[in-house]
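Q: Kindly generate the corresponding structure for this input.
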Amino acid sequence: MLPTLAEVLELDAVRRGQPRVVAGHDRLGARVRWVHSAEVTDIAHLLHGGELVLTTGIALPEQPARLRDYVADLAAVGASGLMVELGRRWAGALPPALISAAEEHGLAVVVLARETIFIDITESVHAYILDAQLAELRASEQLHEIFTRLSVEGASADEVVRQTAVLGGHPVVLENLAHQVLAADAAGTDPTALLTGWETRSRAVRPAGRTAHDATSGWLVTVVGARGQDWGRLILRCAGAPAPRDVVLVERAATTLALGRLLDRHAESLERRAHGTIIAGILAHAYSDPREAAARARALGVPLSGRRLMGVVLRSRVESGSLAELAEAASAACREGGLSALVGLLDEDAPQARVGVLVSLPARAEAESGLVELAGRLRKHCDPAPVVAAGSVVESVQDVRRSFLEAEHVADVAVRGSGDRPFYRLPDLRLRGLLHLLRDDARLQTFVERELGSLLEYDDRHGTDLVRALGCYLDAGRNKALAAQRSHLSRPAFYERLRRVERVLGVGLDSPESCTSLHVALLALASIRPGTP
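A: Sure, this is the predicted structure:
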């Protein structure tokens, strides 16, 4: 960064001359790009701006009008200041005309009371400038290495924003074009204060250019996008004017975010990730203050405070179904139905990943109608329709975890059932729900082994599927003809399998009590061993 005139006055080479500011005290923040020694009057046309002009004044004119023109010309070309050594031309003070002209045109003027070697000042300032430029170059190289590594590793938007906040020491926010917060890091400040009323404040900030600083808000804003398709803004909140390193930092971060989106086209959208991060944070009690979760959700356009909240879990009925597509379909269904909700993946790295929907209902709205609307629209978007499982309605963010745990339990049971309800709640599970709750109980496991152990062992040893045949028979209400049809087998072939089941188990399938016991054992087996037919 270029030194200010005030910083130049603190250099030893300058201090030896006993400098004193005699005009333009408010201009000491001007940046010094270079130092130029000149005794001639018509020097302005040789300058490019940002120069500190050194002179003894021996060749400056005596006429007040010409002195004023000299100062006006320096100010017009953007000189950072004029430094005059006293003793050769003016012994104790500069002419009043020169000082008044400097005040009028906003040019800082410094006098040196002692004789000074100008080359020492020049070398000292230039060394300062070169050192600062070298430091900026090293910092830029460091940022390049860090963000290149993040790009190669496929870092998420949250990680890029976090690293930007750490490197800059300022709060950083990534928003979409609708001014909804996709990722944020408060850099040690209050995140609630940072995000409260975000959309309103963000709409008021419209700096010119792709990267610009808004002095009113203190925001350094850069556009995020590539190939002419802008999709967001990255904002770094500064305490004052941003340093050049801040500009490099925010632009490099924006490039990393844009590149990440290009390379990750088939992954879930940033909006889904932002929603999922908030839901995961609520479920893991990551927010020490529930108001922070509410502020983050509100910044995404989903109010949580003063609302009725309900956890909903979606499970695909097919193993090959894309959860990212299901999440986008759920988001679209919520938008079309006017349902305010956060939609994101739950446990996306786990084998049994699911889509979570945190529904935010008005105080007097009925949960039933919202679920009917959501399920109905999902059936239009998805084929086959997913399992929609809902937890209890709660009144605060602190209780959302309980609602989601209930919904996850319902989903795990409902996805293994053969029902086709639009949505499921805890009362709809009945016997399957009870067996799912007891699946870790040793007594239930012993019961399953006693009822079906010999049949499971027979299937493993002979490569048969008698357990499936038994389940199909019982699901068909002990209607052999219907069961054979559903099994895509001829009646004689299916009947033979049932006789073999009776021989292996040593029970008669004509006994209602035996069939009931076997049916319960099969349902329990499905809870203990997911994926069992």
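Q: shaky segments in the protein?
A: Along the chain, segments meeting pLDDT under 70 span 227, 263-268, 319-321, 348-352, 417-419, 530-533.
Q: how does it divide into domains?
A: According to automatic domain parsing, the chain comprises the domains 5-125, 154-263, 270-428, 437-528.
Q: Same list, the ones you listed, but as TSV with distance to residue 143 please.
A: Where C-beta positions appear, they are placed from N, C-alpha and C, glycine not excepted. Shown next, in TSV, are these (distance: least, CB to CB, whole Å):
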stretch	distance to residue 143
domain 5-125	22
domain 154-263	5
domain 270-428	22
domain 437-528	51
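Q: and stretch 22-34, how far from the chain's centre?
A: Stretch 22-34 sits 41 Å away from the centroid of its parent chain (CA atoms, centre = their mean, to the nearest Å).
Q: From one end of that stretch to the other, what's the distance?
A: Terminal residues of stretch 22-34 are spaced 21 Å apart (CA to CA, to the nearest Å).
Q: nearest to residue 136, of the domains of the chain?
A: domain 154-263 (6.1 Å; CB to CB).
Q: backbone phi and psi for the closest residue to residue 47 other than its chain neighbours, please?
A: Leaving out its chain neighbours, the residue that sits closest to residue 47 by CB to CB, 6 or more residues apart in numbering is residue 77, at 4.8 Å. Dihedral pair for residue 77: phi -90, psi 0, per degrees, to the nearest 10.
Q: who's in contact with residue 77?
A: Taking CB atoms under 8 Å, 6 or more residues apart in numbering, we find residue 77 in contact with 44-45, 47-49.
Q: quick one: which of the domains of the chain is nearest residue 131?
A: Counting by CB to CB, residue 131 lies closest to domain 5-125 out of the domains of the chain; the figure is 10.8 Å.
Q: Mind listing what's buried along stretch 462-477?
A: Across stretch 462-477, burial judged by 16 or more other CB atoms under 10 Å covers 464, 466-467, 469-474, 476.
Q: hey, what's residue 225 bridged with?
A: Counting by DSSP bridges, residue 225 is bridged to residue 230.
Q: my guess is it meets residue 258, correct?
A: Yes: between residue 225 and residue 258 there is a contact at 5.7 Å, judged by CB atoms under 8 Å.
Q: quick one: which of the two has more around it?
A: Comparing residue 225 with residue 258 by other CB atoms under 10 Å, the one with more neighbours is residue 258, at 20 against 17.
Q: circling back to that earlier point, now which of the contacts of residue 77 would you call buried?
A: Neighbour counting by 16+ other CB under 10 Å classes 44, 47 among the contacts of residue 77 as buried.
Q: Max pairwise distance over the contacts of residue 77: which two?
A: 45 and 49 (12.1 Å).
Q: Quick check: nearest residue in space to residue 7, chain neighbours excluded?
A: Among residues not flanking residue 7 along the chain, residue 128 sits closest, at 7.6 Å (CB to CB, 6+ apart).
Q: gap between the one you found and residue 340?
A: Per CB to CB, to the nearest Å, residue 128 is found 56 Å from residue 340.
Q: residue contacts, the most centrally placed residue in the chain?
A: What sits nearest the mean C-alpha location of the chain, by CA atoms, centre = their mean, is residue 183, with 2.3 Å. Neighbouring residues of residue 183 by CB under 8 Å, 6+ apart: 157-158, 160-161, 173-174, 270, 273-274, 277.
Q: before we move on, what about residue 161?
A: By CB under 8 Å, 6+ apart, residue 161 lies in contact with 172-174, 183-185, 234, 253.
Q: of those, closest to residue 117?
A: Taking CB to CB as the measure, residue 117 sits nearest to residue 253 out of the contacts of residue 161, at 45.3 Å.
Q: What count of nearby residues applies to that closest one?
A: Close neighbours of residue 253, defined as other CB under 10 Å, add up to 28.
Q: Now it: phi and psi?
A: Here is the backbone geometry of residue 253 (degrees, to the nearest 10): phi -60, psi -40.
Q: what's it in contact with, if anything?
A: Contact partners of residue 253, counting by CB under 8 Å, 6+ apart, are 147, 160-161, 163-164, 172, 234.
Q: Apart from its chain neighbours, what residue comes closest to residue 416?
A: In this structure, residue 416 finds its nearest non-sequential neighbour in residue 526, 5.0 Å apart by CB to CB, 6+ apart.
Q: That neighbour sits in which helix or strand?
A: helix 512-528 (DSSP states H and E).
Q: In that helix, which residues are buried?
A: By neighbour count with 16+ other CB under 10 Å, helix 512-528 contains the buried residues 515, 518-528.
Q: re earlier: wait, the residue nearest to residue 416 sits on residue 413?
A: No: using CB under 8 Å as the test, residue 526 is too far from residue 413 to be in contact (9.0 Å).
Q: Find the residues that touch each one of residue 225 and residue 258.
A: What both residue 225 and residue 258 touch, as defined by CB under 8 Å, 6+ apart, is an empty set.
Q: what's around residue 65, how many residues?
A: 10.
Q: Could you check how far it is from residue 284?
A: Distance, residue 65 to residue 284, using CB to CB: 76 Å.
Q: and what of residue 165?
A: Per CB to CB, residue 165 is found 21 Å from residue 284.
Q: Equivalent analysis for residue 416, please.
A: Counting by CB to CB, the gap from residue 416 to residue 284 is 27 Å.
Q: And the residue nearest to the centre of the chain, its phi and psi?
A: According to degrees, to the nearest 10, residue 183 has phi -160, psi 150.
Q: What's opposite it in the beta bridge?
A: Residue 183 has the following beta-bridge partners by DSSP bridges: residue 174.
Q: Please look at residue 160 and residue 153 and confirm they touch.
A: No: using CB under 8 Å as the test, residue 160 is too far from residue 153 to be in contact (10.5 Å).
Q: Which one of those two is surrounded by more residues?
A: Remark: of residue 160 and residue 153, residue 160 carries more neighbours, 25 against 10, as counted by other CB under 10 Å.
Q: still on that earlier bit, show me which of residue 416 and residue 284 is the more surrounded one.
A: Ranked by neighbour count (other CB under 10 Å), residue 416 and residue 284 place residue 416 first, with 18 against 9.
Q: what about that one, distance to residue 492?
A: Separation of residue 416 from residue 492 (CB to CB) stands at 31 Å.
Q: Same check on residue 372?
A: Using CB to CB, residue 372 is found at 46 Å from residue 492.
Q: could you pull out the strands for the protein?
A: Secondary structure of the chain (DSSP state E): strands at 19-23, 34-37, 51-55, 81-85, 109-112, 172-176, 181-185, 211-214, 219-226, 229-237, 308-315, 340-346, 354-361, 387-394.
Q: Most neighbours among the contacts of residue 253, which one?
A: Neighbour counts for the contacts of residue 253 (other CB under 10 Å) peak at residue 164, which has 31 neighbours.
Q: Am I right that that residue is in contact with residue 185?
A: Yes: contact between residue 164 and residue 185 holds when scored by CB under 8 Å: they sit 7.5 Å apart.
Q: so what sits against both of these two?
A: Taking CB under 8 Å, 6+ apart as the criterion, residue 164 and residue 185 both touch residue 172.
Q: List the buried residues of stretch 144-160.
A: Judged by neighbour count using 16+ other CB under 10 Å, the buried positions of stretch 144-160 are 146-147, 150-151, 155-160.
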